[in-house]
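Undergrad: Predicted structure and sequence below. I'll ask about it afterward.
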Amino acid sequence: MTQEQLDDLVALLDLEPIEVDYFRGRSPAVSLQRVFGGQVAGQALVAAGRTVPEGRAVHSLHAYFLVGGDPTVPILYTVDRMRDGRSFSARRVIAVQHGRPIFALSASFHVGEAGLDHQDAMPEAPDPERLPPVQEVLAPYEDVLGTWWTRPRPFDLRYVGEHPWVARQRGGPQPARSQVWMRAAGRLPDPALLHVCALAYASDLTLLDSVLLAHGRSWGEPGVTGASLDHAMWFHRPFRADEWLLYDQEAPSVSSARGLARGRIFTRDGRLAVSVVQEGLLRVDPPPAGAPTA
């Protein structure tokens, strides 16, 4: 991991304003069939945040992935200023390519207030420095997986326990749970919105791993395809995306070719910073015995 990849991510999140409440985003020059979901979510949140009065931080977002994005053309983001109240602002963002919506996001921003405070306890996990980077873990499988995971990336990811691909080699179902330490692969500028948008990007990298673990499968194996369908995040406490964060993930349900995954993101000192929920499309070929084929 290098600062260069992180600088590329920061540039990716620096949208071009083209008119009031209209922004243009680009995609990186990588060989993907469709735009990475975390990218469009992060860019849409940037667009929303740039229209909000100063001093209001995002506290929640809800998004739907409508159509796979085309990485070869720019993305137009249009912002609807739904409400600006005394304490809250609400925004709706539509991402458009080729004349049709590909992504829709609603986000709410809050000035922040004093009040009651409690949280779940942070689960136990080894220190991230004791764990190998994901590139090192998957290097022996590059001839099968390709370079998507082994190339330099803007986030340093370190799995607690086995990576799903490695666990699959042993065969059999695993607990539907995954933990990953993550941080930006270098120092980010200080604006809080940038850290939130960078984490929105990273939150889509590993969350659906737990969906497949319970069935002894993993992304990258033949016959397994999927895509993010929706994504929701709640931001509870301040954090920096360039400091270690523990992403604790689980999959409570998989049915009808859809898997639900939940995640909790903790700062290293144990504060619950973010909650995440995502549903993903999951297709396995051939389908399990007894599954409908129509």
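TA: Happy to help now that I have it. What you are looking at is a predicted structure, and each value in this text was computed from that prediction instead of being measured.
Undergrad: burial count for residue 57?
TA: Neighbour count of residue 57, defined by other C-beta atoms under 10 Å: 15. Bear in mind the C-beta positions are built from the backbone N, C-alpha and C, glycine included.
Undergrad: ah, wrong one, I meant residue 5
TA: Neighbours of residue 5 using other C-beta under 10 Å come to 17.
Undergrad: in a strand, that's where it is, yeah?
TA: No. Residue 5 sits outside any strand when classified using DSSP: H, G, I helix; E, B strand; the rest coil, being helix.
Undergrad: In contact with it: list those residues for me.
TA: 152-154, 185 (C-beta atoms under 8 Å, 6 or more residues apart in numbering).
Undergrad: Please, a PyMOL command that selects the buried ones among those?
TA: The PyMOL command for the buried members of those (criterion: 16 or more other C-beta atoms under 10 Å) is given here:
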select buried, resi 153+154+185
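Undergrad: for the contacts of residue 5, which one is nearest residue 258?
TA: residue 153 (27.4 Å; C-beta to C-beta).
Undergrad: tell me which element the closest one falls in.
TA: Secondary structure assigned from DSSP states H and E places residue 153 in neither a helix nor a strand.
Undergrad: now residue 46
TA: Here residue 46 is assigned to helix 37-49, by DSSP H and E.
Undergrad: What's the first helix or strand after that helix?
TA: Next along the chain from helix 37-49, counting by DSSP H and E, comes strand 57-65.
Undergrad: Need the contact partners of stretch 196-207.
TA: So stretch 196-207 is contacted by 9-10, 13, 36-39, 41-43, 45-46, 49, 57-58, 61, 154-155, 157, 178, 180, 182, 184, 188, 228, 231, 233, 235, 239, 241, 245, 247, 249, 261, 263, 265, 274, 276, 278 (C-beta under 8 Å, 6+ apart).
Undergrad: Please indicate which of those residues are buried?
TA: Of those, these count as buried by 16+ other C-beta under 10 Å: 9-10, 13, 36-39, 41-43, 45-46, 49, 58, 61, 154-155, 157, 178, 180, 182, 184, 188, 228, 231, 233, 235, 239, 241, 245, 247, 249, 261, 263, 265, 274, 276, 278.
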